[in-house]
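A.B. asks: Show me the folded form of this:
(one chain, ligands or ions: 2)
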Amino acid sequence: MGTVEPQVASGQDVKMASSGQIVANAQSQEATDGFHLVIDALKLNGIDTIFGLPGIPITDFTRMAQAAGLRVISFRHEQNAGYAASIAGFLTQKPGICLTVSAPGFLNGLTALANATTNCFPMILISGSSEREIVDLQQGDYEEMDQLAIAKPLCKAAFRVLHAEDIGVGIARAIRAAVSGRPGGVYLDLPAKLFAQTMDAEAGKKSLIKVVDPAPKQIPGADAVKRAVDLLKGAKKPLIVLGKGAAYAQADADIRALVEKTGIPYLPMSMAKGLLPDTHEQSAAAARSYVLPEADVVMLIGARLNWLLSHGKGKTWGGKDHKDWGGQKFIQVDISPQEADSNVRIDAPVVGDIGSCVSALLASIGSSWPKPPAEWLTAIAERKNKNIAKMAETLAKNPTPMNFHSALNVVRDIVKANPDALLVNEGANALDFTRSIVDMYQPRKRLDVGTWGVMGIGMGFAVAAAVVSKQPVIAIEGDSAFGFSGMEVETLCRYNLPVCVVVFNNNGVYRGTDVNPTGGPDVAPTVFVKGARYDKLIEAFGGVGAHATTPAELRKAMEEAVRSRKPTLINAVIDETAGTESGRITSLNPTSGKKK
Ligand code: ADP
Ligand code: TZD
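C.D. replies: Residues are numbered from 1 along each chain as shown. Ligands and ions are numbered 1, 2, ... in the order given. Predicted coordinates for the structure are as follows:
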């Protein structure tokens, strides 16, 4: 427990000396303060890292946290610190902590908090805030804002602590809210005055809570498990879809056993890639557009039927139009009891934590489960092999200039040779092509734009991935995507992190070929400075920059980066005509119904 020089703050602990001076009473021989109580409460709960950005009122807090042995990773913008915290939460199942100053700093962190909630990542945004009585009377304080009210609709829970003796409860509530049930973002508001408050050190210590069983197991009902297994048993064309909830759950061995014992083909959602190696013979990823409409029973494990799965209906699933349901029956394994039926009927919801659910399913399946009908497996294998062969042909080409495929052929080899490395990925084409071309071999190695398809996670995710895992990190970035967090290359260098950033530079958002229809001097809204040298950016901070115009140059630079573990940025020049508008989701762009 950190302590401070005896001080006074609360009326009960003080008496007036004859001189009129306030002195501490006998009980407060040793005192602690709000700063130390927050730090002690976090440490008590196994938090070892804070991602943040200092300033009033939390500058001293960052110093004291570092002095107390917490790792404090400082960023150049709070949004990146927030993304870092959220992905640390995903990787560790402990809430990632992001620390910001009031109003603007808080708002900068808020996007990441909302994104964490949307993605079911456990995270706590702790922001300092201004004088309550001035904020509430709207009298114009420094960085005045009613942060609690603003955070509330964007996160799972929001709390404010006003008194030092409540810090233990505040942190405990925040941790429970972040990691229990469906994980998510939590906001914790700590007014400036709280940090300076003092109290008796012993009483302070007693007020802290070490949270017992923060994410309790949720065991599924036996009837729900039976219903699901019965449905699966009758299936002629079963399919398993693994989502990032399955990756988060860290039930890797049981999930693999379930897939392998049933022999059912599976599709990994983007961040579930590697849960089983992408090269697994049961992976149907290369036959996705065949298996979705054809399957008769689909078991979703930690995946929602949101836009990423076309809401479980429409042509993707064999429906006649975008609202029409296909013929599938669904089993959904999820911790949220409200998730089922959100888009289409779920015939067999299995509600509980994935570890418990999968182990119950495994027990119910037993050892003599019949493999799915051979026709189904053969039909998938045929499509899959055809598509893989077609892709291999494309990847083997070596066009000038380099395109997404020839560059990703290199990335694919580097990731294969370094399966421990984490892969961060954002962009449009840079995202879609990487997801489909680069195989992952281990769980929780692929980190990307997630449920929102948000740009800007790149450097925050890369920093946290390196800090948390101590493994090399490869970040494949569209040039537009990179720009959202590019200044954090200084952070990579400052902490000497083993991160290799590859900017797929095609001179713009999606592509670099648009022209201004007016012929005026401004370039088109999607176009950047042509031939930009992003590699020079990292050199400014002592990192390694490399410029690659061919797959051979890219390979050499990536190999060197992974070997040396030095922060590296490779400017990979990609054909500016390659790629499509919005990558694979061109169809989501609205087009005017107005007749021309
Ligand atoms: P993806 O984008 O990969 O399809 P989603 O984010 O849509 O994944 O879905 C993840 C789902 O996993 C959410 O519905 C969430 O409630 C669920 N989930 C997260 N963690 C767990 C867990 N430990 N046990 C069970 N379900 C979980
Ligand atoms: N802003 C935010 C926060 N998220 C977004 N998804 C977007 C804007 C819109 N957007 C995309 O959906 S992808 C993208 C933007 C701006 C960038 C695509 O260009 P890129 O990738 O250079 O990163 P490619 O490989 O050239 O397509």
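A.B. asks: in the longest helix that the chain contains, what counts as buried?
C.D. replies: Using DSSP state H to define each element, the chain has its longest helix at helix 374-396. Applying a neighbour-count criterion of 16 or more other CB atoms under 10 Å, one finds Trp376, Leu377, Ala379, Ile380, Ala381, Arg383, Lys384, Asn387, Leu395 buried in helix 374-396. For glycine as for every other residue, the C-beta is placed from the backbone atoms N, C-alpha and C.
A.B. asks: now do stretch 451-466
C.D. replies: Quick answer for stretch 451-466 (16+ other CB under 10 Å): 451, 453-466.
A.B. asks: So the helix or strand following the longest helix of the chain, near ligand 2 or not?
C.D. replies: The first helix or strand that comes after helix 374-396 along the chain, using DSSP states H and E, is helix 404-417. No - judged by CB under 6 Å from any ligand atom, helix 404-417 and ligand 2 are separated, with a smallest distance of 7.0 Å.
A.B. asks: helix or strand right after helix 404-417?
C.D. replies: Downstream of helix 404-417, the first helix or strand assigned by DSSP H and E is strand 422-426.
A.B. asks: Using PDB, write down the CA coordinates of that next one.
C.D. replies: Provided in PDB are the C-alpha atoms of strand 422-426 (Å, rounded to 0.1, in the frame of the first residue of the first chain):
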ATOM      1  CA  LEU A 422       0.600 -11.200 -33.900                       C
ATOM      2  CA  LEU A 423      -1.000  -9.700 -36.900                       C
ATOM      3  CA  VAL A 424      -2.700  -6.400 -36.800                       C
ATOM      4  CA  ASN A 425      -4.700  -5.500 -39.800                       C
ATOM      5  CA  GLU A 426      -6.800  -2.500 -41.100                       C
END
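A.B. asks: Run the angle between that strand and helix 404-417 for me.
C.D. replies: 160 degrees (axes from the mean of the first three to the mean of the last three CA atoms, to 10 degrees).
A.B. asks: Please tell me how far strand 422-426 is from the chain's geometric centre.
C.D. replies: Taking CA atoms, centre = their mean, to the nearest Å, one finds strand 422-426 lying 10 Å from the centre of the chain it belongs to.
A.B. asks: So which other helices or strands are in contact with it?
C.D. replies: With contacts defined as 3 or more CB pairs under 8 Å, 6 or more residues apart in numbering; DSSP states H and E, the packing partners of strand 422-426 are helix 429-437, strand 446-448, helix 458-469, strand 473-478.
A.B. asks: List the strands paired with the last one, with their directions.
C.D. replies: Take DSSP bridges as the rule and strand 473-478 pairs in its sheet with strand 422-426 (parallel), strand 499-505 (parallel).
A.B. asks: quick one, helices of the stretch 201-350 of the chain?
C.D. replies: Secondary structure of the stretch 201-350 of the chain (DSSP state H, counting those that start in this stretch): helices located at 201-207, 222-233, 244-248, 252-262, 288-294.
A.B. asks: buried ones in the first one?
C.D. replies: By that I understand helix 201-207. For helix 201-207, burial by neighbour count (16+ other CB under 10 Å) applies to Ala201, Glu202, Gly204, Ser207.
A.B. asks: need the residues you listed in JSON lines with distance to Lys445 and pLDDT, can you?
C.D. replies: Listed next are the buried residues of helix 201-207 as JSON lines, based on distance: CB to CB, whole Å; pLDDT from 0 to 100:
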{"residue": "Ala201", "distance to Lys445": "44", "pLDDT": "98"}
{"residue": "Glu202", "distance to Lys445": "46", "pLDDT": "98"}
{"residue": "Gly204", "distance to Lys445": "41", "pLDDT": "98"}
{"residue": "Ser207", "distance to Lys445": "40", "pLDDT": "98"}
